[in-house]
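A.B. asks: Got a predicted structure plus its sequence, pasted below:
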Amino acid sequence: MRSGRPRTPIGVHGTINTRRERGRVIAETRVRDLDGRLRQVRAWAPTAAAARTRLLERIGERPSLPSTGVLRPTSSFADLADLWLADLELRDLAANTKEGYRAHLRLHVRPAFEHYTLAEVTTGRVEWFLARQATVSVSQARQTRTMLNMLFGYALRHDAIARNPVEGTSQLRRARATPQALTLGQIAAIRQAAAQWRTEPGLPGPKPDGQVRDIIEVLLGTAMRPGEVLALRPCDIEDPPGGMIASVTGTVVYHAGSGTHRQGRPKTDASIRRIPVPEFAAVVLRRRVATMPANARERTIFASRGGDPLSPYNVRRTFREFLSLAGLAESGISLRWYRRTGATVIARGIGTDAAAAYLGHSSTLITEGHYIEPDRTIDPTPAAHLERTLRPSSPDDTLLTSRPADREDELLGAVERETDDDAVA
């Protein structure tokens, strides 16, 4: 085992010695430079005090690690969290994404590490914490791992740590479940329940306006995220003779403290898209738009009585009542299954790449956005497959019951990993 004098930290100098030589005073010491090597540094002046001052000036002029940083290995995890949150405010992210990060940090990450310094948060401690969290929820543990990776990546970029302790932790694996699409029987049962919901005579309160019933038809026909459907406006709808086209330009989100509102961009840049709409969903949108005032083209098609966007929470609550009425309360079906079903139909009809583009999972956005003139033509094939398979009258289940397409599991896995647009803690 090695022993002896501790190694001089990088950028730090040793003891300053002075000596008189030929009528002047020389001050000298050794400095450990950025490459880790110790080097002799000298300065001279008429007096010892002046020589020491000049030597310190020379040391200060040498390249060194940033000395103005506010993070060091001895900084607390709480300090790192505060600085990362301040940096988060400057980043170009959707407001609900930021809220999700803040909530997860506050509820699940900060309490576990706030009493450690950065140097004390080792790979072993992170591994143990993630393993313990995974016993409760693998999804939550994965979010925590992502959060810690971002935090310690920030510390690494500011020279507060030598390595990111998250990098050496084990991959979090959950029991693989095959994502399911809705069957035509389930679709029909939910449609019937939606048509019958709260239609019994003598029920108190206002009669249903049919909005949630219509929303699930549009979800089924477009494979949009729920927030994207709720954000549709008349100005986003084109209805030429060749078939309706919908532009996805925003999403509806919920912010704690300010409620529900339409956000002027969807979940990701890749989600900005124009898609063909099958006729059964186009009928619903035409009927809804026809009842709106001509000056309401920028109001959401699905709206509250006051004209505000519908609350995603209220939509999901009503949908759960549909499921209960249809005898599917214990099926695990959610609104996401509609997006999954559309993805399955298109993937099996014309391929997973076409399905990914329809869903807004395109991976060529940068190339197309910066180097290629956008193609404004719309391929009606996805809408044709959705119409034939999922229409209310005489649907054809050939695609839903056929063998999976190549890489279909990757596509549906991407849908499974999506978080709800409006989800905040």
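C.D. replies: Perfect, thanks for sending it.
A.B. asks: who touches the nearest residue in space to Glu127 that is not next to it in sequence in this structure?
C.D. replies: Nearest in space to Glu127, with sequence neighbours left out and distances taken as Cβ to Cβ, 6 or more residues apart in numbering, is Thr169 at 4.7 Å. Where C-beta positions appear, they are placed from N, C-alpha and C, glycine not excepted. Counting by Cβ atoms under 8 Å, 6 or more residues apart in numbering, Thr169 touches Thr123, Val126, Glu127, Leu130, Arg145.
A.B. asks: Secondary structure element for the fourth one, which one?
C.D. replies: To tie it back to what came earlier, the one meant is Leu130. Assigned by DSSP states H and E, Leu130 falls within helix 123-134.
A.B. asks: Next secondary structure element downstream of that helix?
C.D. replies: Moving toward the C-terminus from helix 123-134, the next helix or strand (DSSP H and E) is helix 138-157.
A.B. asks: Just the buried positions in the next helix or strand after that following helix, please.
C.D. replies: The helix or strand immediately downstream of helix 138-157 is helix 184-196, counting by DSSP H and E. For helix 184-196, the neighbour count (16 or more other Cβ atoms under 10 Å) marks Gln186, Ile187, Ala189, Ile190, Arg191, Ala193, Ala194 as buried.
A.B. asks: Can you pull the domain assignment for this protein?
C.D. replies: 1-65, 77-157, 184-417 (automatic domain parsing).
A.B. asks: Mean pLDDT added to the ones you listed, as CSV?
C.D. replies: Conversion of the domains of the chain to CSV gives the following (pLDDT from 0 to 100):
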stretch, mean pLDDT
domain 1-65, 82
domain 77-157, 90
domain 184-417, 87
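A.B. asks: before we move on, which element is the residue lying closest to Val229 once chain neighbours are set aside in?
C.D. replies: Using Cβ to Cβ, 6+ apart and skipping the chain neighbours, the partner closest in space to Val229 is Val218 (5.0 Å). Here Val218 sits within helix 211-222, counting by DSSP H and E.
A.B. asks: Give me the contacts around the helix or strand that that helix is followed by.
C.D. replies: Moving toward the C-terminus from helix 211-222, the next helix or strand (DSSP H and E) is helix 226-230. Outside helix 226-230, the residues that touch it by Cβ under 8 Å, 6+ apart are 215, 218-219, 222, 248, 250-253, 262, 266-267, 271, 300, 302, 309-310, 312, 315-316, 335, 420-422.
A.B. asks: Among those, name the ones in helices.
C.D. replies: In helices, judged by DSSP state H, the following of the contacts of helix 226-230 are found: Ile215, Val218, Leu219, Thr222, Pro312, Val315, Arg316.
A.B. asks: Check the contact between the first one and Phe302; I expect there is one.
C.D. replies: Going back to what we said before, that points to Ile215. Yes. Using Cβ atoms under 8 Å, Ile215 is in contact with Phe302, at 5.9 Å.
A.B. asks: what do the two both touch?
C.D. replies: Common contact partners of Ile215 and Phe302 (Cβ under 8 Å, 6+ apart): Val229, Leu230, Leu310.
A.B. asks: Show me the one in these that has more neighbours than the rest.
C.D. replies: Within the shared contacts of Ile215 and Phe302, neighbour counts (other Cβ atoms under 10 Å) peak at Val229, which reaches 31 neighbours.
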